[in-house]
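J.: Here is a sequence together with a model predicted from it:
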Amino acid sequence: MGTVLAQLPVRTPSVDWTGLLPVLLPAAGALVLLMVRSLVPSRLMPEMVDAVWTFAVAVAGLVSVVVLWQRDADIEAFGGQLVMDRIALFVAAVVLGSVALAAPTLPRYCRRVEVASAELCVLALLAAAGAVVMAGAADLIVLFLGLETMSIAAYVMAALNLRRLESLEAGLKYFVLGAFSTAFLLFGIALVYGATGTTNLDGIAGYLDTYIVLRDGMLLAGLAMLLVGLGFKVAAAPFHAWAPDTYVGAPTPVTALMASAVKAAGFAALIRVFVEALGTRADDWRPAVFALACATLAVGSVLAAVQSDAKRILAYSSISHAGFILVGVQAASDEGVAAVLFYLAAYAVIAVGSFTVVAVLSGQRDDRTGLDTLAGLGAGRPALALGLTILLLAQAGVPFTSGFVAKFSVIAAAVEARSYWLAVVAMVSAVVAAFAYLRMVVAMYFRDPGDEADTAEQASKPAIGIGAGAVIVVAVLLTVAMGVVPGVLESLSSTAAGL
Amino acid sequence: MSALASTSFPAALTVLVLVPAAGALVLLAMPRTRPDLFKPVALVASTVSAALAVWVLAEFDAGSAAVFQFWQQYEWISGWGVSWQVGVDGLSLFLVVMTALIFPLAIVGVDAEHSPKPYYAWMLVLEAGCLGTFLALDLVMFFVFFEIVLVPMYFLIGGWGHGRRAYAAIKFFLFTMFGSALMLVAIVALAFLHSSASGGAVTFDLTAIAESQVLATNTARWLFLAFALAFAVKVPLFPVHTWLPDAHTNAPTAGSVILAAVMLKLGTYGLVRFGLYLFPEASVYFAPLMITLGVIGIIYGAIAAAMQRDLKRLVAYSSVAHLGFIVIGTFALNTEGLTGGVLQMVNHGVSTGALFLLVGMIYERRHSREISELGGLQKPAPLLAAVFMVVMLSSVGLPGLNGFVGELLVLLGAFNAHRWWAVVAAAGVILAAVYLLWAYQRVFHGPASGANAEIPDLRWREGLVMVPFIAAIVFMGVYPKPVIERVEPAVDAIIAHVEDNVPGFSEPVADVHPSVSLEDLARSTDKADHNGGGAEHGEEGG
């Protein structure tokens, strides 16, 4: 004992703890909430506290991101395993912003659907922490840690609606297929390690820059497996099969988070691994991503167009948006990265907003999401209908919304990289997807005169609640603002991409 | 082309676009409890725009009509080289004025059948979008406005239309969006290729790109096709016209008026400004194709119109035929043809806009547009019949009315460029007389029976709305000189631009003896039946 004490003060490696705040805040916030909830009897602590706490923690995280952004220097921690550079901070902002935007819906939603709000909030914060780690990972192992932290939290969140069978199915499907894809990812990491001798992303890039790998079978196999593993996470076709069922079955606010935060983290990892670490092998992986993007765009938009359930339409449309973002990844350039970041931010806002509208309408068990639930919304709740319409038009890429600017930026990146046909495929699939959104608008506004009589009385008048209302208003305002004055976000994403 | 900024009111055109948009926002913020105020607010906003457009017309310097006037540029997305750039020249001047004038008329002339607040708000958004498209001098800004007009029209058709309105609205939206999807790729590709070929920064500035002409021939042809597809859908050219009859038939009256008068012109205007001007070589190369499609449209539209049972559908198909004339005039690639094409854009807007208003009035009275159910309307409603007669004859191209001037110039130009196609197109003029006069005969002549005998004549408000239309029809038919004077310099500049940039191309002109000069024509159109209106004149009695 005495010898130990003699060593005081203990010498620890210097870690820039403030630089890690975007990770530490949500992680610590989750643990604090978990502890307080298990110690304090629930009658002393209203359910509201969970969501308020989550919102506060996410906003605090956002503030820390803004402060770190001003520092204008990459923050390395743990011996360069975690690097909070501008890309990481941008994605962290998207992730934490999504959580902050999704949180106000929770109190009312959880009370109505009887979902345990404490668990949901804890898991959401943990998933956010994992997502930020993924965005900042400078090593494949750290990337894997972040991915698992995020995914496991997401699996459980998907299954949280215990009264609904589909929710359990969603969790199970997500878990089994997610674990399967994780195996691919790990195998890919191992093979890349075997080929380059390092798991450090900079190390891999440096190795491939310096040496020509003559027998590159192992590297290529590793690359393919990494693509499959990450393709699962961002729901790129043909690895998308889990997504529609999971999105539809999961509690709707969770779906919103999966479409925004989880997707953003997945794409951050794709950029890190492929554009940055494997950038020198772009000629090898670009054709694969090209095919992946085409398939994702086609599957997402065509299948979205034939659905008859609003939540499922949005689920497939989320796949089609992933296709668009892949178009930006495929460009393998700084412009492409900037476009991907812009798209992620724009789509996160749109996704949380749209799914929040669905959450408001989805009834006691969170399962009334058919197109007919939208019927008469234009008359019953004109403001809500207008909000959803703007968000849907943004998804279709109509000008003066962030959706248009986002699409424009990925198309520009693809054209600059001379991928003309991919750009054409993307735009054509946008038209197909627009059909799906227009069908939702038709359901809201253009009822046939025949059934005017019976729907007029029960014109859809769901209770919205202050929280969800505020979320939708903010999402719509952000979407329009980013569309009318895109310069601000454009310069942020360009700066992040190093342009 | 250089550009002139206005000294007295530099932001005139920007304000012109923003006033209707602001009006829409005001409407959105108004309480639902005062439904009587919605229409006046919409009317005020659109009238302010109209007054501003008339001021622009008065201040427009006819001597330098080839130059963009009232030019103004602001930064928009500077990181991507996108700017807010507006200006008006002889090509767009009258389209802008017509657009700004026709909106208040459509708003005052037709009441919303229900939910007035969103109806008028969408009308104002539509006006802002249309004006922005005609004024934009930046490729991305143009695309943004070209695309945004779909949304209000989609809601107008779907929300206030008749019949299969949801189907028609979706079809309209998707067809047009598909066309412009490829145009967006082409716009981006054009900007990047231009910057790498010229070594400058990426810019979407229309004049900068058009004046430098650095693209490889083959590339420019591909890009032209992508642009042309977008415009062909909008015009609409055969075979991508199928959305038009559905959209027109099911749209509310004001929607049809705007669709025909203004929105179809977005396509023809685009073909001139973003076809001829941006891709002169490709335009010459593809001119035979475009003229062929135009001629097919003329004949096909006329035959289809003649077969219609629904009066509104008939007028819709007549638009397909009339727009064919504009396209052949444009791609005749000479001064007469293109001047005629630009005139016809305005003429068709006035005549067909008025026709749709009149058809709407008939529908409101009879709740039917079936030609077979109508008949003898002349007896109970002589004034309506007289107005319909004048408008219909202008659409036929009767000398002395506006349609004649444009069609004659188009045919002159086309005859010099592609003689036999012009002959076939001239047959379209005769067919127009056939289907329109026949329709008029069936609707207004004969004995009025049943409900037809009891319809009221034009009301004061309806009559007053028609006065500007009739005035424009007669004025531009009798004395088109002020219009031609302002259009022609811009047209000459475009033709000269094409000649300069296409080796071996010179404007197709008459090779035997000088064609009728425009001054002669302007002086003599009131007695034009003596010098060239034979075909039209011959059909007058039919």
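T.: Here it is on my side, so go on.
J.: beta partners for the closest residue to B:Asp61 other than its chain neighbours?
T.: In space, and not counting its chain neighbours, B:Asp61 is closest to B:Gln69: 6.2 Å by Cβ to Cβ, 6 or more residues apart in numbering or on different chains. All C-beta spots, glycine's among them, are computed from the backbone N, C-alpha and C. On the basis of DSSP bridges, B:Gln69 is bridged to B:Val88.
J.: doesn't B:Leu57 make contact with B:Gln69?
T.: No: between B:Gln69 and B:Leu57 there is no contact under Cβ atoms under 8 Å: 10.9 Å.
J.: Looking only at neighbour counts, state which of the two leads.
T.: It is B:Gln69, of B:Gln69 and B:Leu57, that has more neighbours when counted by other Cβ atoms under 10 Å in any protein chain shown, with 22 against 17.
J.: Contacts only, for the residue nearest to B:Asp61.
T.: Contact analysis of B:Gln69 by Cβ atoms under 8 Å, 6 or more residues apart in numbering or on different chains lists B:3-4, B:6, B:60-61, B:87-89.
J.: Per-residue pLDDT of it, please?
T.: Listed pLDDT for B:Gln69 reads 86.
J.: picking that back up, can you tell me which of the contacts of B:Gln69 has the most neighbours?
T.: The most crowded member of those, judged by other Cβ under 10 Å, is B:Val88 (29 neighbours).
J.: correct me, but that one touches B:Trp55?
T.: No: contact criterion Cβ under 8 Å: B:Val88 and B:Trp55 do not qualify, at 11.9 Å.
J.: pLDDT weak spots in the stretch 301-450 of chain B?
T.: The model of the stretch 301-450 of chain B has no residue with pLDDT under 70.
J.: In it, which residue sits closest to chain A?
T.: Taking Cβ to the nearest Cβ, chain A has its nearest neighbour within the stretch 301-450 of chain B at B:His367, 14.0 Å off.
J.: Name the residues of the biggest helix by length in chain A that are buried.
T.: The helix that spans the most residues within chain A, counting by DSSP state H, is helix A:165-196. Neighbour-count burial for helix A:165-196 flags A:166-175, A:177-178, A:181-182, A:184-189, A:191-193, A:195-196 (criterion: 16 or more other Cβ atoms under 10 Å in any protein chain shown).
J.: Show the average pLDDT along that helix.
T.: Per-residue pLDDT values over helix A:165-196 give a mean of 92.
J.: Give me every residue in chain B lying close to chain A.
T.: For chain B, the contact set with chain A under Cβ under 8 Å from any Cβ of the partner chain comprises B:75-80, B:118, B:140, B:143-145, B:147-148, B:150-151, B:154-155, B:158-159, B:165-166, B:169-170, B:173-174, B:177-178, B:181-182, B:184-185, B:188-189, B:192.
J.: Enumerate the residues of chain A near chain B.
T.: Listed as neighbours of chain B in chain A under the rule Cβ under 8 Å from any Cβ: A:382, A:393, A:396, A:398-400, A:404-405, A:408-409, A:411-412, A:415-416, A:420, A:423-424, A:427-428, A:430-431, A:434-435, A:438-439, A:441-442, A:445-446, A:448, A:486-487, A:490-491, A:494.
J.: and with 6 Å instead?
T.: Taking Cβ under 6 Å from any Cβ of the partner chain as the contact definition, chain A meets chain B at A:398-399, A:411-412, A:415-416, A:423-424, A:427-428, A:431, A:434-435, A:438, A:442, A:445-446, A:486-487, A:490-491, A:494.
J.: re the thing from before, inside strands: which ones of the residues of chain B next to chain A?
T.: Mapping the residues of chain B next to chain A onto strands (DSSP state E) picks out B:75-77.
J.: nearest to B:Val15, of those residues?
T.: Minimum distance to B:Val15 across these is 16.7 Å, recorded for B:Trp76 (Cβ to Cβ).
J.: How many neighbouring residues does the closest one have?
T.: By the criterion of other Cβ under 10 Å, B:Trp76 has 20 neighbours.
J.: My read is that it contacts B:Ala136, right?
T.: No: counting by Cβ atoms under 6 Å, B:Trp76 stays clear of B:Ala136, with 11.1 Å between them.
J.: In which helix or strand does residue 93 reside?
T.: In the absence of a named chain, chain A is used. Here A:Ala93, judged by DSSP states H and E, is contained in helix A:86-102.
J.: not what I meant, chain B
T.: helix B:90-109.
J.: Please list the residues outside stretch A:401-411 that contact it.
T.: Identification of contacts with stretch A:401-411 by Cβ atoms under 6 Å, 6 or more residues apart in numbering or on different chains yields A:324, A:327-328, A:339, A:342-343, A:346, A:394-395, A:397, A:423, A:479, A:482-483, A:486, B:188.
J.: Ok, stretch B:151-160 next?
T.: Stretch B:151-160 is contacted from outside by A:398, A:445-446, B:113, B:119, B:122, B:125-126, B:165-166, B:168-169, B:173, B:251-252, B:255, using Cβ under 6 Å, 6+ apart.
J.: And the buried ones among the residues you listed, selectable in ChimeraX?
T.: Remark: buried members of those, expressed as a ChimeraX selection using 16+ other Cβ under 10 Å:
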select /A:398,445,446 /B:119,122,125,126,165,166,168,169,173,251,252,255
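J.: give me every residue that touches B:Phe146.
T.: Residues in contact with B:Phe146 (Cβ under 6 Å, 6+ apart) are B:Thr133.
J.: actually B:Ala45, sorry about that
T.: B:19-20, B:23, B:124.
J.: quick one: the helices in the stretch 201-350 of chain A?
T.: Listed in chain order, the helices of the stretch 201-350 of chain A (DSSP state H, counting those that start in this stretch) span A:201-210, A:217-233, A:242-249, A:252-257, A:263-270, A:282-305, A:310-330, A:334-361.
J.: Which residue comes closest to B:Pro245 once chain neighbours are left out?
T.: Nearest one to B:Pro245, counting by Cβ to Cβ, 6+ apart, is B:Ala316 at 4.7 Å.
J.: Just the mean pLDDT for stretch A:32-43, thanks.
T.: For stretch A:32-43, mean pLDDT is 88.
J.: how distant is that stretch from the center of its chain?
T.: 29 Å (Cα atoms, centre = their mean, to the nearest Å).
J.: Show me what it is in contact with.
T.: Identification of contacts with stretch A:32-43 by Cβ under 6 Å, 6+ apart yields A:53, A:118, A:122.
J.: Which one among these sits at the bottom for pLDDT?
T.: When the contacts of stretch A:32-43 are sorted by pLDDT, the bottom entry is A:Ala118 at 89.
J.: Quick one: name whatever helix or strand follows the helix or strand that that one is a member of.
T.: Assigning secondary structure by DSSP H and E places A:Ala118 in helix A:117-136. Following helix A:117-136 in sequence order, the next helix or strand is helix A:140-158 (DSSP H and E).
J.: could you say what helices and strands that next one packs with?
T.: For helix A:140-158, the elements it packs on are helix A:117-136, helix A:165-196, judged by 3 or more Cβ pairs under 6 Å, 6 or more residues apart in numbering or on different chains; DSSP states H and E.
J.: how does it look with 8 Å?
T.: Contacts defined by 3 or more Cβ pairs under 8 Å, 6 or more residues apart in numbering or on different chains; DSSP states H and E place helix A:140-158 against helix A:117-136, helix A:165-196, helix A:252-257, helix A:263-270.
J.: and the direction of that helix versus that of helix A:217-233, what angle?
T.: 30 degrees (axes from the mean of the first three to the mean of the last three Cα atoms, to 10 degrees).
J.: tell me how far helix A:140-158 is from the chain's mean position?
T.: 13 Å.
J.: list the buried ones in that helix?
T.: Neighbour counts over helix A:140-158 (16+ other Cβ under 10 Å) mark A:140, A:142-158 as buried.
J.: That helix versus helix A:201-210: what angle between them?
T.: On the basis of the same axes, to 10 degrees, helix A:140-158 is oriented at 130 degrees to helix A:201-210.
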